[in-house]
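Visitor: here's my sequence, what's the structure:
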Amino acid sequence: VLSIICLAVPAWADFQAGMDANNRGDYATALREWRPLAEQGDALAQYNLGVLYRKGRGVPQDDVQARQWYAKAAAQGQAKAQFNLGTLYFNGEGVPKDYQQALRWFRLAADQGEALAQTKIAIMYDDGQGVPHDIVQAYKWYSLAATNGDKPAPQLRDSIANQMTPAQIAEAQKLAREWKPKGK
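Guide: Have a look, this model is predicted:
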């Protein structure tokens, strides 16, 4: 047990050194601290490298590199990486635009309570992007996102409520109450 702790503490210290550097805008140091961890399979370091490449912090902006790092972290269940990967597919940045892939990654993040992913799913239903236009589903997802703290979600939900019958609203509210993440 002690040897596991001794190996984990330096990795956490390196990760934290990367966070500290990132927070003060020293992206080159953050990159130096996180890259070895990411290459060893650390999902949080992989996600953070993806962010550096996505925003061009300490490296040239590169959505293809961002996608590669997000994909590694997302495959390990890192919800923010899943959301960001979905966003790349939704917008066609660093990958061809693919609403089905976007929805897949948003759903995995949403199943972990990622409010922004829930809002994106709602928008997809509201606009009929990659899914059939369905205001009941949109209302449900906006409600879930609002519950999980996405600030625009309540206003977006209330906006589509103006287009809905009381029966549709009641159905959407019931669906939101009954919703359980897949696999749970």
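
Visitor: where does pLDDT dip in the chain?
Guide: For the chain, the stretches with pLDDT under 70 are 1-13, 183-184.

Visitor: quick one, what contacts the residue most central in space within it?
Guide: For the chain, the residue sitting closest to the mean C-alpha position, by Cα atoms, centre = their mean, is Phe83 at 1.9 Å. Shown in contact with Phe83 (Cβ atoms under 8 Å, 6 or more residues apart in numbering): 105-106, 109, 114, 116-117, 120. Yep, even glycine has a C-beta here, placed from its N, CA and C like the rest.

Visitor: at 7 Å what do you get?
Guide: 106, 109, 114, 116-117 (Cβ atoms under 7 Å, 6 or more residues apart in numbering).

Visitor: what's the closest of those to Gln129?
Guide: Among the contacts of Phe83, Phe106 lies closest to Gln129 (Cβ to Cβ), at 11.2 Å.

Visitor: pull the number of nearby residues for that closest one.
Guide: Phe106: 30 surrounding residues under other Cβ atoms under 10 Å.

Visitor: quick one: it and Asp98, what's the gap?
Guide: 12 Å (Cβ to Cβ, to the nearest Å).

Visitor: ok, now Ala138?
Guide: In terms of Cβ to Cβ, Ala138 sits 21 Å off from Asp98.

Visitor: cool, Gly149 as well?
Guide: For Gly149, the distance to Asp98 - Cβ to Cβ - is 28 Å.
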